[in-house]
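Enquirer: how would this look folded up:
(4 chains)
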Number of protein chains: 2
Amino acid sequence: MTDDAVETRRTAPATLHDVAREAGVSLATASRSLNGSTRKVNEEYRQRVLAAAAKLNYSPNLSAQAVARGSTTTVALLVADIADPYFSQMAAGVVREADRERLIVTMAATERDTERELDLVRTLRGQRPRVMILAASRREDDPNNDALEAELQAFESNGGRVAFVSSAAGAFHAVQLDNRAGAEALARELIGLGYRRFAAVTGAEGIRTADERLAGFRAGLEAGGGTLDRIVRPAFTRDGGYEGMTQLIEEGLDGIELVFAGNDVMAVGAMSAIRDAGLTPGTDVAVAGFDDIPTVRDVTPPLTTVRIPLEEVGRRALRLALDEPGAADESPVHTEVVLRDSTPRRG
Amino acid sequence: MTDDAVETRRTAPATLHDVAREAGVSLATASRSLNGSTRKVNEEYRQRVLAAAAKLNYSPNLSAQAVARGSTTTVALLVADIADPYFSQMAAGVVREADRERLIVTMAATERDTERELDLVRTLRGQRPRVMILAASRREDDPNNDALEAELQAFESNGGRVAFVSSAAGAFHAVQLDNRAGAEALARELIGLGYRRFAAVTGAEGIRTADERLAGFRAGLEAGGGTLDRIVRPAFTRDGGYEGMTQLIEEGLDGIELVFAGNDVMAVGAMSAIRDAGLTPGTDVAVAGFDDIPTVRDVTPPLTTVRIPLEEVGRRALRLALDEPGAADESPVHTEVVLRDSTPRRG
DNA sequence: ACACGCCGGGAAAGCGCTATCTCACTACGG
DNA sequence: CCGTAGTGAGATAGCGCTTTCCCGGCGTGT
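Expert: Numbers count the residues shown, from 1 in each chain, chains lettered A, B, ... in the order given. Model (predicted):
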């Protein structure tokens, strides 16, 4: 009694060869019947092949097809953190659009480590995906940037397509998020609501997204006569927001009316910190974020933020990579200030 | 002047053959040098091959490897909705564990459509993944269940591994979520806090997760002398929660002290509905959820819920599929009631 | 000194497919 | 009635790899 006898009989998957034999046709005919070949095939044969395939529970081996065809049906997606709503919303968009194109998405997380990112790009390149979408946040001065660019360049010159999600992506196509303009518009609106004295809680210097948003916000304030009195730069995460806000409170808010968080998860963390300090967000100190992740409608008070249509961003990233260069819409994604109760009009 | 001349020279990726030629060794030696073969290869040759590979920016074609080896390094993951934190947290766990094993994750979303799910399983089977993880919610009586089971059975008999995330998965391995016990424990605790009259807002009948949680909750109440006065069953989503709660309020809460939502996103929606109706969640009517997604710490008041370690669930699902049968830990995942301010002690 | 095993490189046979090429067969115009 | 285009099925040459299998060269024991 061998081990094999114990578990369910393990059989190799049916191959096209098996199907052809079962149907009594040649390999070529079987292949032509099962996937839209240009060649016509006698209807009777076709039916025989289809029946045989069904009978044998045939499932075409995508790897073999990829090797034979010299191209895959795969899209690779790189994000910083899958559990972060910012990225998971985007990923949902990519997956949805990929599905429409009957493409399969492989997903990896850089965990915000550029070394890892480079590694992942190298590995994923082995898949020969049609497209690689890089949505993980870029850092300005990273030592790995050059290597990454080289790797992607190689990928493109081998016929792959690259799409970034970011504001600028060097030589590559990108879905442009106009962080600067969005933050600037937000600042103006807040000034309009009567705020004058601000602080910012945002990610470390060098994270491009964080830098751009801060710069835009500052520009908007200056134009309107507001002042950015304090800036803290903890991690670009929910806990970073909490921590940064706590620090701000401990050092004394003295007069700060509104805290601008570099993204929504930070804003949410900041609100918790405010509350834990015995203050009321919105009333004692206003809070604004960026992204408009779903959660922020449900916190109290609902958060003022800059809306980015994240799912659409994901979809557009894929389209951008798939469509003929030129045909694709490379205009910046439309962002929009959404005022909610976390920034009440100031008496 | 051809089109080719316009864009960057498009060259085929370097093949192992190219590397071998460049290094002046045979194909076999190149192959053996570049991936941990059992066979030893002369250190000098090895270095030559490595250098050649680096020079040519060689990236092994994973599809070709898969065909030649007859096995892949892929894991397929099916979830209902990637943007839903419940699933994205789990996905993050799967991806992390997969990364540890140097496996690549391909991800698809069923959008809660069992037809699609079946389709996706069929497609993904073509990848010949080592593992398929099905985390999308099961429905009790779905007409596609048999076909799905057959498909998975075929996959397993071809040497693939299947792991479900759910309470029961027929013949397949599963990471068990003890929804029933969790909900029952929650009910007991709530009774202990002084609540007696309850309503439930949960997903449609037939969604196994929803049914089990409701049954458990009911059992807990009965044991403790509480009553479940009303049940509404909208969609199993945030908006469903909002809608269900609105309905409850419109029909009159008369005496209901606490609303149990079938999951956290529903609870969050319900809290918004309560607030939009001019009431205060926690004070006017208490709310409890299930899952403990990150968001619920940050809503006001923080939500009482049953904690599921979602990331761990994802990791365990992969381990379960990868490890030798028997070696894997198939005990139900530990759930834990987390009392927060949305259910203050009563009277 | 010689047979014998071991070591490790190279040739080559696949892996499951696709796509090109071949070729028997039909149909049709001159 | 023959030559010539189509047609469409089948044979086959790959695709980029891995992994046998073969074989020459070396070290050892007698």
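Enquirer: what ranges do the helices span in the stretch 201-347 of chain A?
Expert: Using DSSP state H, counting those that start in this stretch, the helices of the stretch 201-347 of chain A run over residues A:208-224, A:238-250, A:264-276, A:310-322.
Enquirer: Any chance of these in TSV with mean neighbour count, mean pLDDT and distance to DNA strand C as columns?
Expert: Heads up, the C-betas are built off the backbone N, CA and C, glycines and all. Output for the helices of the stretch 201-347 of chain A, formatted as TSV (neighbours: other C-beta atoms under 10 Å in any protein chain shown; pLDDT from 0 to 100; distance: least, C-beta to the nearest atom of the strand, whole Å):
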stretch	mean neighbour count	mean pLDDT	distance to DNA strand C
helix A:208-224	21	95	41
helix A:238-250	22	97	46
helix A:264-276	26	97	44
helix A:310-322	23	96	19
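Enquirer: Need those in TSV (columns: distance to residue A:187).
Expert: TSV is the format used below for those (distance: least, C-beta to C-beta, whole Å):
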stretch	distance to residue A:187
helix A:208-224	3
helix A:238-250	18
helix A:264-276	15
helix A:310-322	22
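Enquirer: Columns distance to DNA strand D on top of these, output as JSON lines?
Expert: As requested, those are exported to JSON lines (distance: least, C-beta to the nearest atom of the strand, whole Å):
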{"stretch": "helix A:208-224", "distance to DNA strand D": "34"}
{"stretch": "helix A:238-250", "distance to DNA strand D": "42"}
{"stretch": "helix A:264-276", "distance to DNA strand D": "41"}
{"stretch": "helix A:310-322", "distance to DNA strand D": "22"}
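Enquirer: how about those, which one is nearest chain B?
Expert: Closest approach to chain B among the helices of the stretch 201-347 of chain A is made by helix A:264-276 (4.7 Å; C-beta to the nearest C-beta).
Enquirer: Flag the shaky bits of the stretch 101-250 of chain A, pLDDT-wise.
Expert: A:167-169 (pLDDT under 70).
Enquirer: What's the local residue count around residue A:140?
Expert: By other C-beta atoms under 10 Å in any protein chain shown, the residues close to residue A:140 number 11.
Enquirer: you'd agree it is up against residue A:208?
Expert: Yes. The pair residue A:140 and residue A:208 qualifies as a contact (C-beta atoms under 8 Å) at a distance of 5.7 Å.
Enquirer: Can stretch A:56-65 be said to contact DNA strand C?
Expert: Yes. Counting by C-beta under 7 Å from any atom of the strand, DNA strand C has neighbours in stretch A:56-65: A:58, A:60, A:61, A:64, A:65.
Enquirer: check those residues against chain B, which are close?
Expert: With C-beta under 8 Å from any C-beta of the partner chain as the criterion, these include A:60, A:61, A:64 near chain B.
Enquirer: Any chance of the backbone angles for the closest residue to the first one other than its chain neighbours?
Expert: Counting by C-beta to C-beta, 6 or more residues apart in numbering or on different chains, the nearest residue to residue A:60 once its immediate chain neighbours are dropped is residue B:126, at 5.4 Å. Recorded main-chain torsions at residue B:126 are phi -60, psi -20, according to degrees, to the nearest 10.
Enquirer: Let's see which of the residues of stretch A:56-65 next to DNA strand C end up in strands.
Expert: Using DSSP state E, no member of these sits in strands.
Enquirer: ok, back up a step: which one (most neighbours) among the ones next to chain B among the residues of stretch A:56-65 next to DNA strand C?
Expert: Per-residue neighbour counts (other C-beta under 10 Å) across these peak at residue A:61, which has 23 neighbours.
Enquirer: that older thread, among the ones next to chain B among the residues of stretch A:56-65 next to DNA strand C, which ones are in helices?
Expert: residue A:64 (DSSP state H).
Enquirer: Residue B:284: which of the ones next to chain B among the residues of stretch A:56-65 next to DNA strand C is nearest?
Expert: Closest approach between these and residue B:284, by C-beta to C-beta: residue A:60, at 58.6 Å.
Enquirer: sorry, back to before: could the residues of stretch A:56-65 next to DNA strand C go into JSON lines alongside pLDDT?
Expert: Compiled in JSON lines, the residues of stretch A:56-65 next to DNA strand C are given as follows (pLDDT from 0 to 100):
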{"residue": "A:58", "pLDDT": "94"}
{"residue": "A:60", "pLDDT": "96"}
{"residue": "A:61", "pLDDT": "96"}
{"residue": "A:64", "pLDDT": "97"}
{"residue": "A:65", "pLDDT": "96"}
